[in-house]
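# Turn this into a model:
(chains A and B)
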Protein chains: 2
Amino acid sequence: MGDLTITFLGTGTSQGVPVIACDCATCRSDDPRDQRTRASIYVETPECAFVVDTGPDFRTQCLRENVRRMDAVVFTHAHTDHVMGFDDLRPFFWHQRLLPVYASAETMDDLRRVFVFAFNGENRFPGYLHPEPHVVAEPFALGETELTPLPVPHGRTTVFGYLFTRRGEKLAAYISDCKAVPEPVIERIRGVRHLIVDALRHKPHPTHMNVEEALAVVAQVQAGQTWFTHLCHELAHAETEAALPPGVRIAFDGLRLEP
Amino acid sequence: MGDLTITFLGTGTSQGVPVIACDCATCRSDDPRDQRTRASIYVETPECAFVVDTGPDFRTQCLRENVRRMDAVVFTHAHTDHVMGFDDLRPFFWHQRLLPVYASAETMDDLRRVFVFAFNGENRFPGYLHPEPHVVAEPFALGETELTPLPVPHGRTTVFGYLFTRRGEKLAAYISDCKAVPEPVIERIRGVRHLIVDALRHKPHPTHMNVEEALAVVAQVQAGQTWFTHLCHELAHAETEAALPPGVRIAFDGLRLEP
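Numbers count the residues shown, from 1 in each chain, chains lettered A, B, ... in the order given. Below you'll find the predicted structure:
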């Protein structure tokens, strides 16, 4: 216990909450938990610290949480709400320090396309990023934490969630974007201490699970505690959480877990 | 007077101010004018409203300034600190409304590469962006405002500043990123009411003007008023402004001009 900490940098879907120019009750809510920047988690261990995804709010999130240590970045997929803050990793990697990047082959291809001047090495500007790409499909280690990629369907592609294991203990599973959690992934994460999973809204959505679909996954995984994330403005925090079964809660920006 | 308003959405350089994990005096300043998101201006006229650049802070900036109207986007260039918030234009362009995008040929190519799923029309997701590209090199109109592209050198490329003219009056020139302002551009903007120009820091920089270089441009342009922008954390607002000559000031996030 206590040697892996997860801080939710963001818990919002692509447009965040509030949505620009929206006057709905959630977007105008006074509850700070209804302010959601784009989904991302920051993971700290005694050996190293890393972030899962760097959306456009990454700088704002790091300032808010006073993040001072970063040793690697792990990506779930390359949709804009998960990668566009990549450049803001720079202050952590001055002085030609290599930036280890972990992602699927497809996601790495997208990162190479979008951030071409970082990945092709042509930008020799002092202090610019020097990514060290690690294409992953199987479990890999960051310090003493094992990360198991969890392939899940999201729109036209398969994206990754990740299971975090230390000393054989399944501490947390983070699956931010998915339309379903396939049976092999359910098997792999069953009994995890903390399940963090996509539950966009109540209404069905073509590429994200809604609350009903997420609750069906919860019943199968039997996690110690479940947290819904990647939330849109149709879900107000307090009201939505009050209607959830025991053991299921709504994550919020700044929430810290010590599984 | 009063029929063109410029709101500074951001006045910071690529890493913004504060810089992540920095404890310098400017980054820890209590002066709200020392909080700088990435450089961008929002321009309102009776006929239409548009933004120049959409950096990673674009959503945060729109929420801060309660921006509710957007009819087009104009780009200076495609460096990450100027484009990565492009996707956050979505709430302004729901319901298949076309998004007019104005940029140089080189910048448009970069936008097509980075935001391929918007520009290639493959993303048919309801509410996704439908850009209408306008490659520009010569003056063009947005409503009754004439925008004149101002080619200036920035690193390896030529990027655009813009001169805003209404009824023959040179109201403002915005040149956010440049190492110099060439003589033909000086001639074109001479006597403009408001000059908004790159002045990164005191120390020379390979791709941006420093304060000394910017002051030399100020002397040539003879604007009614000059505002320095694209500022890094080496320039604290109050102290820097106090040392500037009459007619030259430091811009800040949220500043509104009505030239």
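# Okay, the residue most central in space within chain A and B:Thr37: tell me how far apart.
Nearest to the mean C-alpha position of chain A, counting by Cα atoms, centre = their mean, stands A:Ser40 at 3.7 Å. Here the criterion is Cβ to Cβ, to the nearest Å. By it, A:Ser40 lies 18 Å from B:Thr37. In this view, the C-beta of every residue, glycine as well, is placed from N, C-alpha and C.
# Over to A:Ile41?
Relative to B:Thr37, and taking Cβ to Cβ, A:Ile41 is found at 23 Å.
# Check the burial of A:Asp30 by counting its neighbours.
Residues near A:Asp30, counting by other Cβ atoms under 10 Å in any protein chain shown, number 6.
# could you pull out the strands for chain A?
Here chain A has its strands, by DSSP state E, at A:5-10, A:40-44, A:49-52, A:72-74, A:99-103, A:131-135, A:140-142, A:145-154, A:157-166, A:169-175, A:194-198, A:225-229, A:248-250, A:256-257.
# Skip the chain neighbours and tell me the closest residue to A:Gly224.
In space, and not counting its chain neighbours, A:Gly224 is closest to A:Arg193: 4.4 Å by Cβ to Cβ, 6 or more residues apart in numbering or on different chains.
# go on, A:Val114?
Nearest residue to A:Val114 in three dimensions, chain neighbours excluded: B:Val114, at 5.1 Å (Cβ to Cβ, 6+ apart).
# Please list all residues in contact with that neighbour.
Neighbour list for B:Val114: A:113-114, B:78, B:83, B:86 [criterion: Cβ atoms under 8 Å, 6 or more residues apart in numbering or on different chains].
# And A:Leu129, by the same measure?
A:86-87, A:89-90, A:93, A:99, A:115, A:118.
# Among those, which lie within helices?
Counting by DSSP state H, the part of the contacts of A:Leu129 found in helices is A:Ala118.
# can I get the contacts of A:Leu129 in JSON lines with pLDDT, distance to A:Ala236 and neighbour count?
Putting the contacts of A:Leu129 into JSON lines (pLDDT from 0 to 100; distance: Cβ to Cβ, whole Å; neighbours: other Cβ atoms under 10 Å in any protein chain shown) gives the following:
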{"residue": "A:Phe86", "pLDDT": "97", "distance to A:Ala236": "31", "neighbour count": "27"}
{"residue": "A:Asp87", "pLDDT": "95", "distance to A:Ala236": "33", "neighbour count": "24"}
{"residue": "A:Leu89", "pLDDT": "97", "distance to A:Ala236": "33", "neighbour count": "22"}
{"residue": "A:Arg90", "pLDDT": "94", "distance to A:Ala236": "36", "neighbour count": "20"}
{"residue": "A:Phe93", "pLDDT": "91", "distance to A:Ala236": "38", "neighbour count": "19"}
{"residue": "A:Leu99", "pLDDT": "95", "distance to A:Ala236": "37", "neighbour count": "19"}
{"residue": "A:Phe115", "pLDDT": "95", "distance to A:Ala236": "36", "neighbour count": "21"}
{"residue": "A:Ala118", "pLDDT": "91", "distance to A:Ala236": "39", "neighbour count": "22"}
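# And the furthest pair within the contacts of A:Leu129?
Using Cβ to Cβ, the two most remote members of the contacts of A:Leu129 are A:Phe93 and A:Phe115, lying 13.2 Å apart.
# Near chain B, which residues of the stretch 1-150 of chain A are found?
By Cβ under 8 Å from any Cβ of the partner chain, the residues of the stretch 1-150 of chain A that approach chain B are A:14-16, A:18-22, A:56-60, A:62-63, A:67-68, A:80-81, A:84-88, A:90-92, A:113-116, A:125.
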